[in-house]
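> Could you work out the structure for the sequence below:
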Amino acid sequence: MAHKLRTYEPDNCLKKGYFSIFKEIISEVADNKWLIYQLFKRDFSSMYKESFFGVLWIIFIPLLSIAGFFLLGKSNIINIGELPVPFTLYAVSGLAVWQLFSVGLVAGTNSLVRAGSMVVKINFSKKSLVISAYAQALFPFLVLFLVSLILLGTNGVRLAPVVLLFPILLIPVILFTLGLGFLFALVNGILRDVGNAVSVLVTFLMLLTPLLYTVPSSGAFVVFTKYNPLFYMITVPRDALLTGSINHIFGFCISAVLALVVFVFSIAVFHLTESRIAERI
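Alright, predicted model coming up:
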């Protein structure tokens with residue numbers, strides 16, 4: 001009697017083709033919309049429910065940064081530069097967009113580690129954890145964006161038609177942050193120091209990115225700003241909101257392409273390694 005040979009191979013998504021991989025990713029995210037929302041709601045409520053000031057911390061912390069830079073500027077310790085609008089409006093609108101990067105990146109990096117027992121015990125799409133963690137950045141952004149609109153009105157600044165492009169101009173910073181979040185979440189599962197390092201890095205980058213001051217006219221910092229993609233991702237949406245103009249088009253387009261590449265690469269790597277995440281957490 002002849003025996004049939006059966007060959008077992010490890011599941012290899014690459015054999016299905018790259019387009020099939022991204023089709024699976026889109027399908028997974030669509031199927032887990034409810035889970036993503038529930039995870040976001042759980043994390044959001046736990047973050048503020050035991051806090052005395054609650055969501056007001058979203059405004060207090062940026063205001064402290066703004067006040068610090070304002071005092072340093074008035075003392076001539078740093079040069080804020082010539083601003084097209086009042087300093088408070090310039091700073092709040094910049095920090096509003098910055099929240100999409102800073103809060104989202106830190107939350108995304110720590111998302112898998114924070115859900116350690118859940119990752120190990122339950123079989124579900126781990127992308128839901130990173131996406132729901134990043135969604136935490138949307139609320140601080142919306143709060144500071146609303147404050148920016150109020151300041152625009154009180155300072156008599158009229159919105160130009162180009163402001164309609166504002167949501168589209170935010171896409172690069174969202175994709176860039178999500179991509180880094182997927183990648184750092186994986187690395188943080190192996191090396192827990194990554195979470196702390198990212199928190200420090202975000203603070204350092206905020207000081208190096210012209211959020212609370214204008215770009216100096218000379219010096220080594222000008223070169224760094226020129227090659228800093230976050231400068232374009234933050235400045236272009238803010239300029240559209242405050243001045244009704246879009247500057248640095250070339251730099252913004254290059255940064256947008258970089259953001260897309262980082263996002264596509266990172267989510268693909270995350271998808272291909274997702275089945276082994278529980279072994280490392």
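> three-state assignment of Ile168?
Secondary structure state of Ile168, per DSSP: H, G, I helix; E, B strand; the rest coil, is helix.
> so where's the chain uncertain?
Applying pLDDT under 70 to the chain picks out residues 1-18, 47-81, 218-219, 278-281.
> can you map out the helices along it?
Assigned by DSSP state H, the helices in the chain fall at 18-31, 33-48, 57-74, 87-114, 116-121, 127-134, 138-154, 166-169, 171-190, 193-208, 220-226, 229-242, 249-273, 277-280.
> Next, the buried residues of stretch 237-257.
For stretch 237-257, the neighbour count (16 or more other CB atoms under 10 Å) marks Pro237, Arg238, Asp239, Ala240, Leu241, Leu242, Gly251, Phe252, Ser255, Ala256 as buried. Using the backbone N, CA and C atoms, a C-beta is placed for each residue, glycine as well.
> ah, wrong one, I meant stretch 115-134
Ala115, Val119, Ser125, Lys126, Lys127, Ser128, Leu129, Val130, Ile131, Ser132, Ala133, Tyr134.
> One more: stretch 179-194?
For stretch 179-194, by 16+ other CB under 10 Å, it's Gly179, Leu180, Gly181, Phe182, Leu183, Phe184, Ala185, Leu186, Val187, Asn188, Gly189, Val194.
> Identify, from those residues, the entry nearest to Thr109.
Lowest distance from Thr109 to these (CB to CB) belongs to Phe184, with 4.1 Å.
> correct me, but that closest one touches Gly108?
Yes: assessed by CB atoms under 8 Å, Phe184 is found in contact with Gly108 at 6.9 Å.
> Turn the buried residues of stretch 237-257 into JSON lines, columns for distance to Val163.
Listed next are those as JSON lines, based on distance: CB to CB, whole Å:
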{"residue": "Pro237", "distance to Val163": "10"}
{"residue": "Arg238", "distance to Val163": "11"}
{"residue": "Asp239", "distance to Val163": "10"}
{"residue": "Ala240", "distance to Val163": "6"}
{"residue": "Leu241", "distance to Val163": "6"}
{"residue": "Leu242", "distance to Val163": "9"}
{"residue": "Gly251", "distance to Val163": "20"}
{"residue": "Phe252", "distance to Val163": "16"}
{"residue": "Ser255", "distance to Val163": "20"}
{"residue": "Ala256", "distance to Val163": "19"}
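> Name the member of these with the shortest distance to Leu151.
Leu242 (9.8 Å).
> With Phe101 as the reference, measure out to the closest residue in space to that closest one that isn't next to it in sequence.
Leaving aside its sequence neighbours, Leu242 sits nearest to Val85 (CB to CB, 6 or more residues apart in numbering; 5.2 Å). With distances taken as CB to CB, to the nearest Å, Val85 is found 22 Å from Phe101.
> list the contacts for the residue nearest to Leu242?
The neighbours of Val85, taking CB atoms under 8 Å, 6 or more residues apart in numbering as the test, are Asn155, Val157, Leu242, Thr243.
> Nearest residue to the middle of the protein?
Against the mean C-alpha coordinate of the chain, by CA atoms, centre = their mean, the closest residue is Phe101 at 2.9 Å.
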